[in-house]
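Chemist: Using only what follows, build the 3D model:
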Amino acid sequence: MENRVALSFFPPGSVVDLVANFALELAAGLVGVFAGALLALWADRRARARQAAQVEAELQRDLAQSRKLVISSVVKNTSEAKRLRASLSANDDPYLFQVGFELAVWEATQAQFVRIASLDERVLLTRFFDQVKRLTRLIEFHRQVRAQLEMRQGGLDPGDQALLDDLLERLRIVADEIRIDGIVVVTDLGDPLHKRLLGMQAPAAPASAA
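Modeler: This next block holds a predicted model:
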């Protein structure tokens, strides 16, 4: 009886309207929370993508700068290998060779370059500079052998001459490998200036159709 009296104070339909309004407000609140969460997630993803793009751009700038320095070193060492090969062909005394191979740039940038460069670049450049190191060791070894032989009494015997000839042939082989590898590196990775310094001509542009 009391419940019927209490309900009689509300106009007809007011309870239904109250419940409906409450349900709408609750639904709107839930939708707002869900939409806010989605918006926050979208904003976070955009920020992460933007940060990743910035990091990638910085890596590419670092790679381009390191590549330019390293390829310049490749050009110098390739030119020195060509000079050495010409001296060997002219039968100049290797003990008096005035060649200077450059490894400081590669040693300073190798760790960073290997970390961010492509596999092909790493293989090409690591092989090239390993060959340069090998050639510098061979030149130094040849000079030491030549100096020791010159300090001995008497002239060179056949065994001594055979040893020197073998060392000269190994120098020729490694110098040729460096020259060829250097041309490959500059062809693949160098810019027009690097190619001109090695005397490499750019391919002619195709003639346009009439």
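Chemist: so who does residue 134 touch?
Modeler: residue 174 (Cβ atoms under 8 Å, 6 or more residues apart in numbering). Heads up, the C-betas are built off the backbone N, CA and C, glycines and all.
Chemist: Equivalent analysis for the one 10 residues further on, please.
Modeler: With contact taken as Cβ under 8 Å, 6+ apart, residue 144 is in contact with no other residue.
Chemist: Distance across stretch 107-125, terminal residue to terminal residue?
Modeler: Its first and final residues considered, stretch 107-125 spans 12 Å by Cα to Cα, to the nearest Å.
Chemist: among the helices and strands of this structure, which has the poorest mean pLDDT?
Modeler: helix 2-7 (a mean of 46; mean pLDDT, DSSP states H and E).
Chemist: Excluding chain neighbours, what is closest to residue 128?
Modeler: residue 181 (4.8 Å; Cβ to Cβ, 6 or more residues apart in numbering).
Chemist: burial count for that neighbour?
Modeler: 22 (other Cβ atoms under 10 Å).
Chemist: Does it touch residue 129 like I think?
Modeler: No. Counting by Cβ atoms under 8 Å, residue 181 stays clear of residue 129, with 9.6 Å between them.
Chemist: still on that earlier bit, ok, the residue nearest to residue 128 to residue 137 distance?
Modeler: Distance of residue 181 to residue 137, computed by Cβ to Cβ, to the nearest Å: 17 Å.
Chemist: Check residue 150 too.
Modeler: Distance of residue 150 to residue 137, given as Cβ to Cβ: 20 Å.
Chemist: what does residue 189 give?
Modeler: Separation of residue 189 from residue 137 (Cβ to Cβ): 26 Å.
Chemist: More neighbours: which of the two?
Modeler: Taking neighbours as other Cβ under 10 Å, residue 189 and residue 137 compare with residue 189 leading, 19 against 11.
Chemist: now the more buried one, nearest residue through space, not along the chain?
Modeler: Using Cβ to Cβ, 6+ apart and skipping residues adjacent in sequence, the residue nearest residue 189 is residue 71, 5.7 Å away.
Chemist: Could you list the low-pLDDT ranges of this structure?
Modeler: 1-40, 42-44, 47, 51-60, 90-97, 153-154, 201-210 (pLDDT under 70).
Chemist: In the protein, what residue spans correspond to helices?
Modeler: Secondary structure of the chain (DSSP state H): helices at 2-7, 14-89, 104-116, 119-151, 158-189, 192-197.
Chemist: Which strands and helices lie in contact with the third one?
Modeler: This points to helix 104-116. Using 3 or more Cβ pairs under 8 Å, 6 or more residues apart in numbering; DSSP states H and E, the elements in contact with helix 104-116 are helix 14-89, helix 119-151.
Chemist: That helix versus helix 119-151: what angle between them?
Modeler: Helix 104-116 runs at 150 degrees relative to helix 119-151, counting by axes from the mean of the first three to the mean of the last three Cα atoms, to 10 degrees.
Chemist: same check, this time on the fifth one
Modeler: Here helix 158-189 runs at an angle of 160 degrees relative to helix 119-151 (the same axes, to 10 degrees).
Chemist: Quick check: buried residues in helix 158-189?
Modeler: Judged by neighbour count using 16 or more other Cβ atoms under 10 Å, the buried positions of helix 158-189 are 160, 163-164, 167, 171, 174-175, 177-179, 181-183, 185-186, 189.
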